[in-house]
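J.: just coords:
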């Protein structure tokens with residue numbers, strides 16, 4: 001598994017936006033930055049453990065990695081080297097976390113939350129901290145920071161007047177679906193999905209997913225576009241991008 005992620009990271013760090021056949025990385029950065037420009041705290045939640053965002057989001061409001069500060073170190077256009085031993089970050093213990101929770105969330109800022117850990121994180125015992133395979137909910141509860149992340153995820157989504165834009169998630173994780181469904185049912189969360197597949201395919205797929213019916217009934221907007229369709233390499237602002245931003249941000 002370590003070798004697979006190291007190979008993935010080699011592809012990520014070597015990625016360069018070159019041609020019209022590529023997704024316009026600057027446009028995607030701009031979409032992410034729209035969340036950061038909101039008047040209160042905003043969040044990017046991800047289930048991915050790779051470092052694509054850390055290595056390629058640098059034209060926008062600074063992201064704060066919830067639980068410890070990696071902003072100056074990781075979110076940079078100059079971050080292209082392999083992960084060195086000094087780049088691994090040790091996660092806080094339960095005691096350290098309890099002592100700093102309020103400070104971590106004390107600012108109206110832009111937070112990046114890796115719900116399943118990251119390939120450059122280590123537990124206090126030195127093990128790599130990534131939630132993979134079966135029993136994800138139990139793995140999360142065994143790691144103090146990730147258990148808190150789950151609480152933050154639920155707390156954010158279950159506040160009034162919340163909107164969630166989902167990109168690249170197939171709704172296959174029961175513990176994630178449960179929180180989204182709870183927020184739809186109890187707090188009126190508005191769910192939006194960006195996916196290249198027709199909406200009918202999502203509806204059919206959700207029939208076989210945990211809490212799928214609630215997720216479908218709570219869908220407020222569906223954008224049937226690939227990232228390239230919305231953010232093509234010629235860098236022109238497309239009608240698809242305008243539609244996404246108009247519907248989601250108003």
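T.: Now that the structure is in, tell me what you want to look at. The structure presented is a predicted model; accordingly, all values stated were derived computationally and were not measured.
J.: so what pLDDT did residue 128 get?
T.: Predicted confidence (pLDDT) for residue 128: 66.
J.: tell me the centre residue of this structure?
T.: Central residue check for the chain by Cα atoms, centre = their mean: the C-alpha nearest the mean position is that of residue 46, 2.3 Å away.
J.: which element is residue 44 on?
T.: Taking DSSP states H and E as the definition, residue 44 sits inside strand 42-46.
J.: and the helix or strand that comes right after that strand, what does it pack onto?
T.: With elements assigned by DSSP H and E, the helix or strand that comes after strand 42-46 is helix 52-56. Helix 52-56 sits against helix 2-14, helix 25-36, with contacts defined as 3 or more Cβ pairs under 8 Å, 6 or more residues apart in numbering; DSSP states H and E. Glycine gets a C-beta too; all of them are placed from N, C-alpha and C.
J.: among the ones you listed, which gets the worst mean confidence?
T.: Looking at the helices and strands packed on helix 52-56, the weakest mean confidence is helix 2-14, a mean of 88.
J.: so the closest residue to residue 192 other than its chain neighbours: helix, strand or coil?
T.: In this structure, residue 192 finds its nearest non-sequential neighbour in residue 221, 4.1 Å apart by Cβ to Cβ, 6 or more residues apart in numbering. Classification of residue 221 using DSSP: H, G, I helix; E, B strand; the rest coil returns strand.
J.: direction included, what does the strand holding residue 44 pair against?
T.: Paired with strand 42-46 in the same sheet, following DSSP bridges, are strand 110-114 (parallel).
J.: rewinding a little: so what's the residue nearest to the centre of the chain bridging to?
T.: Bridge pairing for residue 46 - DSSP bridges - gives residue 114.
J.: can you tell me which residues contact it?
T.: 53, 112, 113, 114, 115 (Cβ atoms under 8 Å, 6 or more residues apart in numbering).
J.: measure the last one to residue 137 for me?
T.: Spelled out, that is residue 115. Using Cβ to Cβ, to the nearest Å, one obtains 11 Å as the distance from residue 115 to residue 137.
J.: residue 17 too?
T.: Using Cβ to Cβ, we find residue 17 at a distance of 37 Å from residue 137.
J.: which parts of stretch 113-129 are buried?
T.: Neighbour counts using 16 or more other Cβ atoms under 10 Å place 113, 114, 115, 116, 117, 118, 119, 120, 121, 123, 128, 129 of stretch 113-129 among the buried residues.
J.: which helix or which strand is home to residue 120?
T.: If you go by DSSP H and E, residue 120 is part of strand 117-122.
J.: residues contacting that strand, please?
T.: 5, 9, 49-51, 83, 87-91, 114, 128-131, 143, 146.
J.: spatially nearest residue to residue 54, not counting backbone neighbours?
T.: In space, and not counting its chain neighbours, residue 54 is closest to residue 74: 4.1 Å by Cβ to Cβ, 6+ apart.
J.: in this protein, which spans are strands?
T.: 42-46, 64-65, 89-90, 110-114, 117-122, 128-130, 163-167, 190-195, 219-224 (DSSP state E).
J.: now the fifth one: how far from the chain's centre is it?
T.: Read that as strand 117-122. Its chain's average C-alpha position is 14 Å from that of strand 117-122, according to Cα atoms, centre = their mean, to the nearest Å.
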